[in-house]
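1. let me see the structure of the following:
(chains A, B, C, D, E and F)
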There are 6 protein chains.
Amino acid sequence: MAARVAEFQEFRSRMNKRILEIENRPIKRFFGVDTLTYEPGALDARTKEMLGLVASMVLRCDDCIAYHITQCKKEGITDPELYDAFSVALTVGGSIVIPHLRRAVAFLDELNTLPPP
Amino acid sequence: MAARVAEFQEFRSRMNKRILEIENRPIKRFFGVDTLTYEPGALDARTKEMLGLVASMVLRCDDCIAYHITQCKKEGITDPELYDAFSVALTVGGSIVIPHLRRAVAFLDELNTLPPP
Amino acid sequence: MAARVAEFQEFRSRMNKRILEIENRPIKRFFGVDTLTYEPGALDARTKEMLGLVASMVLRCDDCIAYHITQCKKEGITDPELYDAFSVALTVGGSIVIPHLRRAVAFLDELNTLPPP
Amino acid sequence: MAARVAEFQEFRSRMNKRILEIENRPIKRFFGVDTLTYEPGALDARTKEMLGLVASMVLRCDDCIAYHITQCKKEGITDPELYDAFSVALTVGGSIVIPHLRRAVAFLDELNTLPPP
Amino acid sequence: MAARVAEFQEFRSRMNKRILEIENRPIKRFFGVDTLTYEPGALDARTKEMLGLVASMVLRCDDCIAYHITQCKKEGITDPELYDAFSVALTVGGSIVIPHLRRAVAFLDELNTLPPP
Amino acid sequence: MAARVAEFQEFRSRMNKRILEIENRPIKRFFGVDTLTYEPGALDARTKEMLGLVASMVLRCDDCIAYHITQCKKEGITDPELYDAFSVALTVGGSIVIPHLRRAVAFLDELNTLPPP
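-> Prediction:
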């Protein structure tokens, strides 16, 4: 049952590495900005990760949702807090978000069966 | 060939049940509103399901499309009527809808090979 | 108060005429397909216009919403039927649709103050 | 200069009142869920409002952005915290968010010139 | 008639300046990446601006469309070439793009009445 | 490793054929417009395919991206040129595009291992 978590993380790592080998400055710098965005500033990393999660959910990107759920767990965000974040995404984004919510909860449930990293 | 229909319905049922076990009032109530929306009102259920189908198609959500196609068939909507609904979604949403149209037609064809429920 | 209806219709007519003067075959033919899509087929024009309305609403295009509301009224669709169509768009598309719903209801209210064409 | 804040709030209040007079249960109940979503739960109202803000920004709805900025200010969220929330929306949503960021900053600057409510 | 071009350019310049005064590193760096993206690389600036235009059009951002039309004209792209770019956006993005196409053509027509900068 | 390219092309061909057998004039004519759009006009096919690619990427449709990458390669567009097109899509569309960029690069890498058609 831990298949999706592992498969997602392996493909993501491998392809990010591949992309950063490409000689293209805007792409490289975009990845730099992406990393910088979630570093603590006026808001802490924990809040920023939840913002990234809800943004991913209303834009309906399963991989982005999976990534930010993983990061949120690392930041110590509890499941009830994640459900609250999901509820904001659901209300703002509408029922079209429901299939992504199903996959998000399935991913989170799977993540919760794994030993902590 | 009936694999996708069965797999989709099983995952959908299982995860909806799982989500409704979560103690989160906005999520629970959103699911209530979602059910209420398709009950007959000034418009009949048949028309509402077609509206839900076209909305799902222009927003490009394969699971939502599959769900509303299933509901439309239950309401007795014919295949030529579904194709007309697809054509509205295609014109409004553009060629970006075509991959979803391919999967919608494949899903409908598969559904048509199954015995009526 | 009838200002928005008149302004919208004048700009739309003038620019559609201007666009169709442009020598570009894909654009001209796209406009042809757009017209064809709403002609009666397996579904009647009335249903197709409601499908176009809900598609426009979840994609959040105020001008498209205004256009399809006007067409729906011409097809004899009642206000309670339009509200039902709005409710499907709201549930599928989420609270992000609400500002467009506000403008849709304001447009419909204004249209209802005008003498029939 | 306080024109946009006042105009936005007046139209929003007037049309919300108008919509809630409509006899349509799914619409009424959707508005109820929308209100419920931002009430404190596992997450406090402050965090939920920021989640609503970023969701609105990546979905590029100026009215929703203006509304959530107003709510965030009421919750005591500082401008640097809002800028951090904007930065997450910008990175996730891309340069297409920039025109909305311009209007968001203009709205916030205007709001900051008003006496507290 | 040159009102929209001037108004758009004034607000854009003023607010970009305002945003870059904000002490927020991810926002500043995002603006840097945005500028870098359109500099000549394997593709020339002319092609990149057209790519930016079509991306803006299918994402339906009037301000982004106006900006990239202005840049395309500076790169010497002809009106028939712009119409071809518009046609790709229309086909990919669907009839929901039409209101933006109307405003794009109106903006371009207005730009063509102005003396070259 | 050439599995995804072959699977994508087989399903696409089979379902396009199936869809064109359907007796629905707007759908048939939409497919005609879609083909016409990429024929050389004021812009050559090469530029139009890149425009289609970037439009597909910001709208985040993996199948459309795969299709246009294949067409771009047929038009002789080099990998560094494709990376530049990807960079425009990434900057305009934001980090939500990254999962699609990963799959696009994986698809392109796989395509590059195949003998020319």
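2. how much space separates the residue nearest to A:G94 when sequence neighbours are not counted from A:A104?
-> Nearest in space to A:G94, with sequence neighbours left out and distances taken as CB to CB, 6 or more residues apart in numbering or on different chains, is C:G94 at 2.8 Å. No exception for glycine: its C-beta is placed from N, CA and C like everyone else's. For C:G94, the distance to A:A104 equals 16 Å [CB to CB, to the nearest Å].
3. please apply the same query to A:P40.
-> With distances taken as CB to CB, A:P40 is found 25 Å from A:A104.
4. higher neighbour count, these two?
-> Between A:P40 and A:A104, A:A104 has the larger neighbour count (other CB atoms under 10 Å in any protein chain shown), namely 26 against 11.
5. now the element after whichever strand or helix holds A:T35, going C-ward?
-> Assigned by DSSP states H and E, A:T35 belongs to helix A:25-37. Per DSSP H and E, helix A:25-37 leads on to helix A:45-58 as the next helix or strand towards the C-terminus.
6. how about that following helix, does it get close to chain F?
-> Yes: using CB under 8 Å from any CB of the partner chain, a contact is recorded between helix A:45-58 and chain F, made by A:55-56.
7. in that helix, what counts as buried?
-> Along helix A:45-58, the positions that meet the burial threshold by neighbour count (16 or more other CB atoms under 10 Å in any protein chain shown) are A:46-58.
8. repeat for stretch A:25-39
-> Buried residues in stretch A:25-39, defined by neighbour count with 16+ other CB under 10 Å: A:26-27, A:29-31, A:33-34, A:37-38.
9. same list (these) but as JSON lines, adding pLDDT.
-> Below are those laid out as JSON lines (pLDDT from 0 to 100):
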{"residue": "A:P26", "pLDDT": "98"}
{"residue": "A:I27", "pLDDT": "98"}
{"residue": "A:R29", "pLDDT": "98"}
{"residue": "A:F30", "pLDDT": "98"}
{"residue": "A:F31", "pLDDT": "98"}
{"residue": "A:V33", "pLDDT": "98"}
{"residue": "A:D34", "pLDDT": "98"}
{"residue": "A:T37", "pLDDT": "98"}
{"residue": "A:Y38", "pLDDT": "98"}
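10. make JSON lines from the residues you listed and add distance to B:D79 to it.
-> What follows is the buried residues of stretch A:25-39, written out as JSON lines (distance: CB to CB, whole Å):
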{"residue": "A:P26", "distance to B:D79": "47"}
{"residue": "A:I27", "distance to B:D79": "45"}
{"residue": "A:R29", "distance to B:D79": "51"}
{"residue": "A:F30", "distance to B:D79": "45"}
{"residue": "A:F31", "distance to B:D79": "47"}
{"residue": "A:V33", "distance to B:D79": "49"}
{"residue": "A:D34", "distance to B:D79": "45"}
{"residue": "A:T37", "distance to B:D79": "48"}
{"residue": "A:Y38", "distance to B:D79": "48"}
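11. tell me which two of those residues sit farthest apart.
-> Pairwise distances across those (CB to CB) peak at 19.8 Å, for the pair A:P26 and A:Y38.
12. who are the contact partners of A:S87?
-> When the contact criterion is CB atoms under 8 Å, 6 or more residues apart in numbering or on different chains, the partners of A:S87 are B:24, B:26-27, B:30, D:37, D:41.
13. okay, A:E21: pLDDT?
-> In this model, A:E21 is scored at 97, pLDDT.
14. now do it against F:V105, distance only.
-> A:E21 sits 10 Å away from F:V105, taking CB to CB as the criterion.
15. more neighbours, these two?
-> Taking other CB under 10 Å, A:E21 and F:V105 do not tie; F:V105 has more neighbours (22 against 9).
16. show me what contacts that one?
-> F:V105 touches A:15, A:18-19, A:22, F:86, counting by CB under 8 Å, 6+ apart.
17. and the one helix or strand it maps to, C-alpha only, in PDB?
-> Secondary structure assigned from DSSP H and E places F:V105 in helix F:98-113. The C-alpha coordinates for helix F:98-113 follow below in PDB (Å, rounded to 0.1, in the frame of the first residue of the first chain):
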ATOM      1  CA  ILE F  98       6.500  21.500 -12.700                       C
ATOM      2  CA  PRO F  99       5.000  18.000 -12.500                       C
ATOM      3  CA  HIS F 100       4.000  18.400 -16.100                       C
ATOM      4  CA  LEU F 101       7.500  19.600 -17.000                       C
ATOM      5  CA  ARG F 102       8.900  16.400 -15.300                       C
ATOM      6  CA  ARG F 103       6.600  14.300 -17.500                       C
ATOM      7  CA  ALA F 104       7.300  16.400 -20.600                       C
ATOM      8  CA  VAL F 105      11.100  15.900 -20.200                       C
ATOM      9  CA  ALA F 106      10.600  12.200 -19.500                       C
ATOM     10  CA  PHE F 107       8.500  11.900 -22.700                       C
ATOM     11  CA  LEU F 108      11.000  13.900 -24.700                       C
ATOM     12  CA  ASP F 109      13.900  11.800 -23.400                       C
ATOM     13  CA  GLU F 110      12.000   8.600 -24.400                       C
ATOM     14  CA  LEU F 111      11.200  10.000 -27.800                       C
ATOM     15  CA  ASN F 112      14.900  10.700 -28.400                       C
ATOM     16  CA  THR F 113      15.700   7.100 -27.800                       C
END
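18. how about chain A, which residue sits the furthest from its center?
-> Note on chain A: the largest separation between a C-alpha and the mean C-alpha position, by CA atoms, centre = their mean, falls on A:E23 (26.5 Å).
19. was I right to think it contacts F:P80?
-> Yes: using CB atoms under 8 Å, A:E23 is in contact with F:P80, at 7.5 Å.
20. just to revisit the earlier point, buried residues in the helix holding F:V105?
-> F:98-108, F:110-111.
21. starting at the chain centroid, how far to it?
-> 12 Å (CA atoms, centre = their mean, to the nearest Å).
22. for stretch A:45-65, same thing?
-> Taking mean C-alpha positions (CA atoms, centre = their mean), stretch A:45-65 and its chain are 5 Å apart.
23. next one: stretch A:105-117
-> When C-alpha coordinates are averaged (CA atoms, centre = their mean), stretch A:105-117 and its chain have centres 13 Å apart.
24. that stretch - what's its average pLDDT?
-> 90.
25. ok, the closest residue in space to A:H68 that isn't next to it in sequence - contacts?
-> Closest residue in space to A:H68, ignoring its immediate chain neighbours: A:L53 at 3.8 Å, by CB to CB, 6+ apart. By CB under 8 Å, 6+ apart, the residues touching A:L53 are A:65, A:68-69, A:71-72, A:82, A:85, A:89.
26. distance to chain D added to the buried residues of stretch A:25-39, as a markdown table?
-> Listed next are the buried residues of stretch A:25-39 as a markdown table, based on distance: CB to the nearest CB, whole Å:
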| residue | distance to chain D |
| --- | --- |
| A:P26 | 11 |
| A:I27 | 13 |
| A:R29 | 12 |
| A:F30 | 9 |
| A:F31 | 11 |
| A:V33 | 6 |
| A:D34 | 6 |
| A:T37 | 4 |
| A:Y38 | 8 |
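27. closest one of those residues to A:P115?
-> For the buried residues of stretch A:25-39, the nearest to A:P115 is A:Y38 (24.6 Å; CB to CB).
28. the closest one and A:A45 touch, don't they?
-> Yes: taking contact to mean CB under 8 Å, the distance of 6.1 Å between A:Y38 and A:A45 places them in contact.
29. any idea how far the closest residue to A:C72 other than its chain neighbours lies from A:L82?
-> The shortest distance from A:C72 to any residue other than its chain neighbours is 4.9 Å, reached at A:E49 (CB to CB, 6+ apart). A:E49 sits at a distance of 10 Å from A:L82 (criterion: CB to CB).
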